[in-house]
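Asks: just to be clear, the model below is a prediction. Sequence and coordinates:
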Amino acid sequence: MGESVQLLHEAALDMLLNMPGLEQRSRSVIEKRLYSLRAGMAGERKVLQYLFNLNLPVEVLWDVNLRLAPRHYAQIDVLVLTPFHAMIYEAKNMADRLRFESDPSRLDKLDAEGRLVASYECPMLQLQEEMANLRQWFYDHDIACAVDGAVVMTGSAMIEKPPRGGKIFRIRQIRNHILGDYHAGGGRTQNEIRELAEYIRNRNEPYMPFPLIEKVDLAATELFWKPVCPKCWRKLERVTKRRWVCRCGWETTDPYTHTLERWFLLRSSSITNEQVQHLFGMSQTAAANLLRKYPLKKVGQSKTTTYIWRYKGRLRRLPK
């Protein structure tokens, strides 16, 4: 459901890491976010691939974001609908030696000698929060559906002191967990399961982390926004009406798509004709013609006109 947003998020973080003007302090924060995002995506994909290969009569949803209240959502990695349950699988793609601790609840990463390397939020607490939120969402929507779930370790981690009050699975334990709902008769029919899945899909509000600089406390003035080389990230120079070149030897006739996408992902969901003129050193008419080539929503009139991108996959020109 939300993989395109995840891929855009990954692309945006990668862009930000390469942006001219980024300080080392900010770079470290962004590198950690990118590592965490990629690990989460890898774990989620492993769970989804396993579920699809099972070919069971269930409905599988992912990246579910259901509104409970303004700015409060039930956020779920993987959701499986069976005749009796909505099952949440919280994927964790982690390796090494891991120990669940309490007071406060956390997950510690240890080295071979048992020394603390890092501490993480307890995934069991995350799962319990997600389950409670989904139960509340079902209640608010008058849906009678029991909620179950498990933390799924998709990496090669060695787990110590697993908590007693929850389920921690290896990925192959998912099959029996789901099949337990098919040993007894009754529950939702296949059509009713599909209807519930469609109801959830229609109310899903994918989390949008854009524009990204707002999420990492960077000011637009700290970064360089004009066309840059996608190979070495130096400034592109315009040598003819259509040709742009970099000192590294790379050249292009279209610096526009990459520059506009970078603007939308990192700086703002909207852009004006005047801002496009400044980015590319072009006239008002040329800027208007350029903006018409992209799937942007035009809002306002005359000097107040803005162009908005909806983040539906990577930015591409409209077909001619």
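Replies: Nice, I can see it. Residues are numbered from 1 along each chain as shown.

Asks: when you work out contacts or count neighbours from here on, use the C-alpha atoms and nothing else.
Replies: Fine.

Asks: hey, where'd the helices end up in the chain?
Replies: 3-18, 24-54, 123-140, 174-179, 190-203, 256-262, 273-280, 284-291 (DSSP state H).

Asks: identify whichever of those helices lies nearest to Ala91.
Replies: Smallest distance to Ala91 across those (Cα to Cα): 5.4 Å, for helix 24-54.

Asks: next, the angle from the closest one to helix 3-18.
Replies: If you take axes from the mean of the first three to the mean of the last three Cα atoms, to 10 degrees, helix 24-54 sits at 160 degrees to helix 3-18.

Asks: adjust the sequence numbering to begin at 13 for everything that follows.
Replies: Happy to do that; since the first residue is 13 now, the last one works out to helix 36-66.

Asks: what residues of helix 36-66 count as buried?
Replies: Applying a neighbour-count criterion of 16 or more other Cα atoms under 10 Å, one finds 39, 42, 46, 49-57, 59-60, 63 buried in helix 36-66.

Asks: picking up where we left off before, out of the helices of the chain, which gets nearest to Lys104?
Replies: Closest to Lys104 of the helices of the chain is helix 36-66 (Cα to Cα; 5.7 Å).

Asks: give me the packing partners of that closest one, helices and strands only.
Replies: In terms of contacts (3 or more Cα pairs under 8 Å, 6 or more residues apart in numbering; DSSP states H and E), helix 36-66 is packed against helix 15-30, strand 84-93, strand 97-104.

Asks: that one versus strand 97-104: what angle between them?
Replies: Orientation of helix 36-66 against strand 97-104 (the same axes, to 10 degrees) gives an angle of 140 degrees.

Asks: any idea how far helix 36-66 is from the middle of the chain?
Replies: Averaging C-alpha positions (Cα atoms, centre = their mean, to the nearest Å) puts helix 36-66 9 Å from its chain's average.

Asks: single out the most deeply packed of the helices and strands packed on helix 36-66.
Replies: When you average the neighbours per residue for each of the helices and strands packed on helix 36-66 (mean count of other Cα atoms under 10 Å), strand 97-104 leads with a mean of 24.

Asks: so what strands line up beside that strand?
Replies: In the sheet, strand 97-104 lines up against strand 84-93 (antiparallel), strand 158-165 (parallel) (DSSP bridges).

Asks: quick one, it and helix 202-215 angle?
Replies: Using the same axes, to 10 degrees: strand 97-104 against helix 202-215 is 50 degrees.

Asks: hey, C-alpha coordinates of strand 97-104 in CSV?
Replies: Taking C-alpha atoms only, strand 97-104 is exported to CSV below (Å, rounded to 0.1, in the frame of the first residue of the first chain):
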residue,chain,number,x,y,z
HIS,A,97,-8.3,-12.0,13.6
ALA,A,98,-6.5,-9.0,12.3
MET,A,99,-2.9,-10.0,12.9
ILE,A,100,-0.1,-7.4,13.1
TYR,A,101,3.4,-8.5,12.3
GLU,A,102,6.0,-6.0,13.5
ALA,A,103,9.1,-6.8,11.4
LYS,A,104,12.6,-6.3,12.9
